[in-house]
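Asks: sharing a sequence plus its predicted fold:
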Amino acid sequence: MQLVNSFYLRHGNIRIKKILAVADGHIPRSGFLWNKFLNDFQVNKSHKNLVFKHQFLFLRIILDIRILLSKTNSQVMASKKYILLAGIICLLATGSFAQVGASYDVKDSSLIPSKRMPQHSEFLNGTYNFPAKPRNQWELGVKIGMLSVSGDVPAVLPTGGFGVHVRKAFGYVFSIRAEYMNGTAKGMSWQTANNYGRNPAWRTKYAAPIVGLNPANQQLVVYNSKTGAIIGPNDKAEPVYYNYKAKVQDLSVQAVITINNIRFHKAKTGMTIYGLAGIGASVYETMVNSLDANGNPYNFSTISGNVYENRNDTRDALKDMMDDTYETPAENESERRPKLGGKTLKPIATGGFGIAFKLSNRLNIALEDRITFTKNDLYDGQRWSEATLGVASFTLSDDSYNFLSLGLNINLGGKAVEPLYWLNPLDYAYSEIRNPRLMRLPKPVLPDSDLDGVTDQFDQEQTPEGCPVDTHGVSRDTDGDGVPDCKDKEIITPTYCQPVDADGIGKCPVPCPDSTCPGWGNVKQNCAQILGALPSVSFAKNSVKLSDDAKRLLAVVADRMRNSPGCNVVVTGYCAGNKVEQQRSWDRVNAIINYLIEKEGVSGDRLIFKYGEEGGDCDTVDVRAANEGEEGPNTVPAPHPNLRKN
């Protein structure tokens, strides 16, 4: 799109004539590199896969750059910012390999400065709860980046700049940083300017209207800025395109707040996010490019502008026409502001944020963006509004400048921990809770009011002193006659001699005098008759865990076995159609036998282990009395121990 804008000035009258010519323009579409980058950067928790992803990613970026170089010049220019962004993110991605471990040993006295040794001694002696703050390292940082001015003239990128800083942590969150920055900012407008009559960098080289008083009659008239005379009917305003090159330096002191190093689920972090704010001073010198190599004004009327969609074409045309000398000093504060080295000195306020990625305990890289507020409108060399042609009025806002940088930071200092903003203050507390080293633990108090050896919290019965009890604090009754062993004068009374009297002595029947009286007297019974029908244990589908009901049933089995010490029990599990069923059957039988042995005190040699049998319910384990002469192991190897268990 082309635009020609001219002004015809006459005494007392201003006539504006606009000539518009529209032509098709091409704005290249770019962004394919960024899309590929997002698709490739898939962070995998596996270190091996992560390395492969990074290698593949770098290869893709190289190929994409070669593709870009094969495009037209305009397409390459439009894609520069994507290449730069991809390179920066690739560099930051290397921070994912940083090792992250424990913070430091709070007992290490070599890390404590002498002024905090009293607190450290009290802490080690257990008379003070908080460890002394350790000596921490200084951070020295160097950075490169882009400086841009936010003002009345649009910025041109990329530009160059560098900075150095030193930083010291005074706590885990708060630190102080002193920073020096030196950079060059450039700008070029794609819109024409006509109200530059008060701007000393332009007014004597180009013709612009200036409204002022005629000293002869004290009437308002319009002057020609170039000639200084009252404009005549043939005078013509000359549009210009503002541009500038500003060299800026600043020195500032900043308070830095780290916002993510206090972690509840990780000892340390490999990345910190921080914000900063500070004050300082800035010096600047701004130049404009208003004359060609021969010292003549440019003919800006040949350049079309003022159309947003074609702003890049306008800038390209200006670059082709203009040299790069920036020979003319821009408007400045003159003698109304202090100078330093011949340059304007201004107090500043600054703020920003950054992200740092740890490479090692000594090195980290940081991506940071810092904006500086100047309360000055001349960093871009322009402060005059275009609102009313010929009338001097300032623009509404002051200039600020922005420094986007990528830096390498080095931690300096011996016998000191990392800067505290890389440490997690909760690490010591969590470590001490998990593995107490300095914690003063009270001696455990486990009351046992009946002195039976089972603490009250687990004791289910208050028994007389000296009375034997089981693991639940219940009086032992070996023969199951209802009289505790401590009162039983006949510890083992055969079942056929029960019930017994208060002293636990049974009344056995008189033996049969001869074989003619079957059923009389001492009739021998087998274990199935003695133990009776024992309960079966049911399991939830696919489960091998004993329910509370199952445990109560096994307690009944254990009681009967204690009352019948001569009888053994067979535990039988069913189903063996596949490996899963075989293993599940084994697990269930094993759970029952282990419970009887470990929780109920049944001797293991009285239990017989059988699993994978046929003819029963897969989710049921039968418990029965062993037949006379029936023997078997109480444990067998698991058939498929590597199968997952529920």
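Replies: Yep, that arrived.

Asks: so what does the longest strand belonging to the chain touch, helix or strand wise?
Replies: Secondary structure assigned by DSSP state E gives strand 271-288 as the longest strand of the chain. Counting contacts by 3 or more Cβ pairs under 8 Å, 6 or more residues apart in numbering; DSSP states H and E, strand 271-288 packs against strand 243-258, strand 328-329, strand 343-358, strand 363-376. C-beta: built from backbone N, CA, C; applies to glycine.

Asks: again, only using 10 Å
Replies: Strand 271-288 makes packing contacts with strand 174-188, strand 243-258, strand 328-329, strand 339-340, strand 343-358, strand 363-376, strand 399-412 when contacts are defined by 3 or more Cβ pairs under 10 Å, 6 or more residues apart in numbering; DSSP states H and E.

Asks: weakest of the ones you listed in terms of mean pLDDT?
Replies: Note on those: strand 339-340 shows the lowest mean pLDDT, a mean of 88.

Asks: what residues does that strand touch?
Replies: The contact list for strand 339-340 (Cβ atoms under 10 Å, 6 or more residues apart in numbering) reads Gln249, Ala281, Ser282, Val283, Asn332, Glu333, Leu345, Lys346.

Asks: so the second one sits right up against Ile348, yeah?
Replies: Yes - assessed by Cβ atoms under 10 Å, Ala281 is found in contact with Ile348 at 6.5 Å.

Asks: the more surrounded of those two?
Replies: Ranked by neighbour count (other Cβ atoms under 10 Å), Ala281 and Ile348 place Ile348 first, with 19 against 14.

Asks: tell me the secondary structure for Ile592?
Replies: helix (DSSP: H, G, I helix; E, B strand; the rest coil).

Asks: so what's the residue count around it?
Replies: By other Cβ under 10 Å, 25 other residues sit near Ile592.

Asks: can you pull out the low-pLDDT segments for this structure?
Replies: 1-102, 509-524, 644-646 (pLDDT under 70).

Asks: show me the helices in it, by range?
Replies: For the chain, the helices defined by DSSP state H cover 32-40, 47-69, 73-93, 117-125, 311-321, 426-434, 527-531, 548-563, 579-598.

Asks: mind splitting this protein into its structural domains?
Replies: Under the assignment automatic domain parsing, the domains of the chain span 1-97, 137-186+243-422, 528-625.

Asks: Lys545 and Asp587, how far apart?
Replies: 9 Å (Cβ to Cβ, to the nearest Å).

Asks: same deal with Gly616?
Replies: 16 Å.

Asks: these two: who's more crowded?
Replies: Higher neighbour count among Gly616 and Asp587: Asp587, with 20 against 15, using other Cβ under 10 Å.

Asks: from Phe539, how far off is that one?
Replies: Going from Asp587 to Phe539 by Cβ to Cβ gives 9 Å.

Asks: common neighbours of those two, please.
Replies: What both Asp587 and Phe539 touch, as defined by Cβ under 10 Å, 6+ apart, is the set Lys545, Gly573.

Asks: now the longest strand of the chain, how far from the centre of its chain.
Replies: The chain centre lies 27 Å from the centre of strand 271-288; the measure is Cα atoms, centre = their mean, to the nearest Å.

Asks: flag every buried residue along that strand.
Replies: 271-272, 274, 276, 278, 280, 282-288 (16 or more other Cβ atoms under 10 Å).

Asks: got it, and stretch 203-215?
Replies: Going by neighbour count (16+ other Cβ under 10 Å), the buried part of stretch 203-215 is Arg203, Lys205, Tyr206, Ala207, Ala208, Pro209, Ile210.

Asks: one more: stretch 458-468?
Replies: Asp459, Thr463, Cys467.

Asks: now distance to Asn642 too, for the contacts of strand 339-340, in JSON lines please.
Replies: Formatted as JSON lines, the contacts of strand 339-340 follow (distance: Cβ to Cβ, whole Å):
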{"residue": "Gln249", "distance to Asn642": "69"}
{"residue": "Ala281", "distance to Asn642": "72"}
{"residue": "Ser282", "distance to Asn642": "70"}
{"residue": "Val283", "distance to Asn642": "74"}
{"residue": "Asn332", "distance to Asn642": "81"}
{"residue": "Glu333", "distance to Asn642": "82"}
{"residue": "Leu345", "distance to Asn642": "77"}
{"residue": "Lys346", "distance to Asn642": "74"}
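
Asks: between the residues you listed, which sits nearest Leu378?
Replies: Taking Cβ to Cβ as the measure, Leu378 lies nearest Asn332 of those, at 5.6 Å.

Asks: what's the overlap in contacts for Ala281 and Ile348?
Replies: Joint contacts of Ala281 and Ile348 (Cβ under 10 Å, 6+ apart) are Asp250, Leu251, Ser252.

Asks: got a PyMOL select line for the buried ones in those?
Replies: The buried residues among the shared contacts of Ala281 and Ile348 can be selected in PyMOL (16+ other Cβ under 10 Å) with this line:
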select buried, resi 250+252
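
Asks: possible to save the shared contacts of Ala281 and Ile348 as a markdown table with distance to Asn435?
Replies: Converted to a markdown table, these look like this (distance: Cβ to Cβ, whole Å):
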| residue | distance to Asn435 |
| --- | --- |
| Asp250 | 49 |
| Leu251 | 48 |
| Ser252 | 45 |
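
Asks: just curious, which of the shared contacts of Ala281 and Ile348 is nearest to Arg440?
Replies: The closest of those to Arg440 turns out to be Ser252 (Cβ to Cβ; 47.3 Å).

Asks: isn't that closest one up against Phe373?
Replies: No - between Ser252 and Phe373 there is no contact under Cβ under 10 Å: 11.4 Å.

Asks: what's around Lys268, how many residues?
Replies: 19.

Asks: no wait, Lys226
Replies: 18.

Asks: now for Ser252 and Phe373: what residues contact both?
Replies: Taking Cβ under 10 Å, 6+ apart as the criterion, Ser252 and Phe373 both touch Ile348, Ala349, Thr350.

Asks: tell me how far the ends of stretch 194-212 are from each other?
Replies: In stretch 194-212, first residue to last residue: 16 Å (Cα to Cα, to the nearest Å).
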